[in-house]
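S.K.: Mind looking at a prediction? Sequence and model below.
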Amino acid sequence: MDAIRTTKLTKYYGKSRGITDLDLRVEEGEFFGYIGPNGAGKSTTVRTLLGLINATSGEAKIFNKDIVKDRKEILSDIGYLPSEAIFHAGMKVKDVLRFSAELRGKNCRTSAAELSERLQLETNRKVEELSFGNRKKVAIVCALQHDPRLLILDEPTGGLDPLMQKEFFDILRERNAVGTTVFLSSHVLSEIQHNCSRAAIIREGRIIACDKVEALARTNAKRVSLVGELNPEGAASCAGIRDLNLGKDSASFLFSGDMRDLIELLAISRIRDLSVSEPELEEVFLHYYEKEA
């Protein structure tokens, strides 16, 4: 079964574009990434799926249920983590967690306590006393404590320090291992590369690529890094070099041309050390955006 499926899903804000003709499929049990810079349409997609805003046209289903007709039933299966966490002032953390559980008609005390301990969340403090990062922890517990079938996470790690980010993704991988579907919307590409099995890239409201993360990162370009002096005339005339970064005694660049041209360039340069590796997903992401521009 598909956890998420959209068909020509479109949202306009007046004349302004949100998302256009979005065809997206996320299988149940996947750890799926949704990649794009700010303004690409990631949050619009998430809010439309949750019924927080109405689509202009098209349709979407979650667990084969229509997001409009079956919204109440769908939301019982979802844990949602927004990019910004806002709570009623005057409430203690433990009251927020209990209130969130009661809205779902569930007793989540055991799960809430376990999650709070792992995230080092002080539940006796008032929410207005918390830092942005600690408010994000409260939102994480609210999203996860009822053990939802589907987690929809919109830029989830903002405000979390590196140790908490690691713990957070450990928790997500544990949930995913027992069948929870994770939909991770992020512009932090390393989060997608290290955690997701498949991902879609969105640009200006349209999906421009969707595949396994390994396939998205697979390209004929190679990252070349060297120690020594790269011949400047040879580099300028060598087809296939881009993103050239020259240091005092080093150089690095992406190369996607004829390997014989690269070998000829290196032969006329003074090279003491050399490495050739696959590019990072960040570099591939820019490649997709440049290709579609």
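M.R.: Received, thanks.

S.K.: buried residues in the helix or strand Lys61 falls within?
M.R.: Assigned by DSSP states H and E, Lys61 belongs to strand 57-62. The neighbour-count check on strand 57-62 (16 or more other CB atoms under 10 Å) flags 58, 60-62 as buried. Placement of C-beta: from N, CA and C, glycine included.

S.K.: next one: stretch 255-269
M.R.: 255, 261-262, 265-266, 269.

S.K.: Sitting in helices, which of those residues do you find?
M.R.: Those of the buried residues of stretch 255-269 mapping onto helices are 261-262, 265-266, per DSSP state H.

S.K.: partner strands of the strand holding Lys61, parallel or antiparallel?
M.R.: According to DSSP bridges, strand 57-62 has the following sheet partners: strand 2-13 (antiparallel), strand 65-66 (antiparallel).

S.K.: Low-confidence regions, the stretch 101-250 of the chain specifically.
M.R.: Counting by pLDDT under 70, the stretch 101-250 of the chain shows low-confidence ranges at 218-220.

S.K.: how about the strands in it?
M.R.: Remark: strands assigned in the stretch 101-250 of the chain by DSSP state E, counting those that start in this stretch are 150-154, 181-186, 198-203, 206-212, 222-229, 241-246, 250-255.

S.K.: any idea which residue of the protein is furthest from its center?
M.R.: The C-alpha centroid of the chain is most remote from Ile268, which lies 42.7 Å away (CA atoms, centre = their mean).

S.K.: picking up where we left off before, just send the ones in helices among the buried residues of stretch 255-269 back as a markdown table, with pLDDT too.
M.R.: Formatted as a markdown table, those follow (pLDDT from 0 to 100):
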| residue | pLDDT |
| --- | --- |
| Asp261 | 92 |
| Leu262 | 93 |
| Leu265 | 94 |
| Leu266 | 94 |
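
S.K.: any idea which of those residues is closest to Thr48?
M.R.: Of all those, Thr48 sits closest to Leu262, with 46.2 Å by CB to CB.

S.K.: Now do the same contact list for that closest one.
M.R.: 224, 238, 240, 255 (CB atoms under 8 Å, 6 or more residues apart in numbering).

S.K.: please redo it, this time with the cut-off set to 10 Å
M.R.: Neighbouring residues of Leu262 by CB atoms under 10 Å, 6 or more residues apart in numbering: 222, 224, 238-241, 253, 255, 276.

S.K.: Emit the ChimeraX select command for whichever of these are buried.
M.R.: To isolate the buried ones among the contacts of Leu262 in ChimeraX, judged by 16+ other CB under 10 Å, type:
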select :222,224,238,240,241,253,255
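
S.K.: quick one: which two of the contacts of Leu262 are the most distant?
M.R.: Greatest spacing in the contacts of Leu262, by CB to CB: Ala239 and Val276 (17.3 Å).

S.K.: thinking again about what came up before, between the ones in helices among the buried residues of stretch 255-269, which is nearest Val127?
M.R.: Compare each of these with Val127 using CB to CB and the shortest gap goes to Leu262, at 56.6 Å.

S.K.: Would you mind measuring from that closest one to Leu254?
M.R.: Separation of Leu262 from Leu254 (CB to CB, to the nearest Å) stands at 11 Å.

S.K.: shared neighbours of those two, which are they?
M.R.: Jointly contacting Leu262 and Leu254 under the rule CB under 10 Å, 6+ apart are 222, 224, 240-241.

S.K.: would JSON lines of these with distance to Thr110 be doable?
M.R.: Shown next, in JSON lines, are the shared contacts of Leu262 and Leu254 (distance: CB to CB, whole Å):
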{"residue": "Lys222", "distance to Thr110": "50"}
{"residue": "Val224", "distance to Thr110": "53"}
{"residue": "Gly240", "distance to Thr110": "58"}
{"residue": "Ile241", "distance to Thr110": "58"}
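
S.K.: Pairing partners for the residue nearest to Arg242 when sequence neighbours are not counted in the sheet, please.
M.R.: Nearest residue to Arg242 in three dimensions, chain neighbours excluded: Leu254, at 5.1 Å (CB to CB, 6 or more residues apart in numbering). Note on Leu254: beta-bridge partners by DSSP bridges are Arg223, Arg242.
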